[in-house]
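> coords please:
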Amino acid sequence: MSLFQGCDKHGFWIDDSTVMSTNLAHPANAPRVAQMRAATKLLRDELARAAAEEAARLAEEPAARAKREAEAARDREEAARKAQRDADERARRQREAKRNRVEELVHRAVDRRDIDGLVDELMRLDDAITSLANRITNGGL
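Numbering: from 1, shown residues only. Alright, predicted model coming up:
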């Protein structure tokens, strides 16, 4: 029994040098045992490497997810800023077009020395503003 080494948790084994002095193995099996041990070591090393890679991937996953979420938030913010810039530009062009129409109306009225059309337009605008103010006051919008 003194030839065996081991423990309850891992089992028992015999060293190569001890195997040769017993009847437990034929000497022809020693190269095969060495080959199997080498293959087992390679497999154990490969499994350890794969486990380390998986552990590293799992450790990085929350950071990678946080990075993707931050990038997505930046993209959404940039898209919102671009949409706001586009809306501001459209509003600016509309104001400019409206201003050009009003200037044209005023110039025509002044050139023709006929302000009746201009006065009529101003009265129509005043009525529209009054109507809108009443709708807002009465909760109609």
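> And the next helix or strand past whichever strand or helix holds residue 57?
Residue 57 belongs to helix 30-112 when elements are defined using DSSP states H and E. Downstream of helix 30-112, the next assigned helix or strand under DSSP H and E is helix 116-137.
> where does this structure dip in pLDDT?
1-5, 16-17, 19-29, 140-141 (pLDDT under 70).
> where's the most centrally placed residue in the chain relative to residue 7, distance?
Computing the C-alpha centroid of the chain and ranking residues by C-alpha atoms, centre = their mean puts residue 68 first, at 3.0 Å. When C-beta to C-beta, to the nearest Å is the yardstick, residue 68 and residue 7 sit 48 Å from each other. Every C-beta, even on glycine, is put in place using the N, C-alpha and C of the backbone.
> Residue 42 too?
25 Å.
> again with residue 72
53 Å.
> Who has more neighbours out of the two?
residue 72 (10 against 7; other C-beta atoms under 10 Å).
> How much space separates that one from residue 113?
63 Å.
> Please apply the same query to residue 127.
25 Å.
> Compare the two and say which is more crowded by neighbours.
residue 127 (10 against 6).
> Report the contact partners of that one.
Contacts here follow C-beta atoms under 8 Å, 6 or more residues apart in numbering; on that basis residue 127 touches nothing.
> Roughly how far does it sit from residue 134?
Distance from residue 127 to residue 134, by C-beta to C-beta: 11 Å.
> Also residue 94?
25 Å.
> cool, and residue 109?
On the measure of C-beta to C-beta, residue 109 and residue 134 end up 29 Å apart.
> When these two are compared, which one has more neighbours?
residue 109 (16 against 10).
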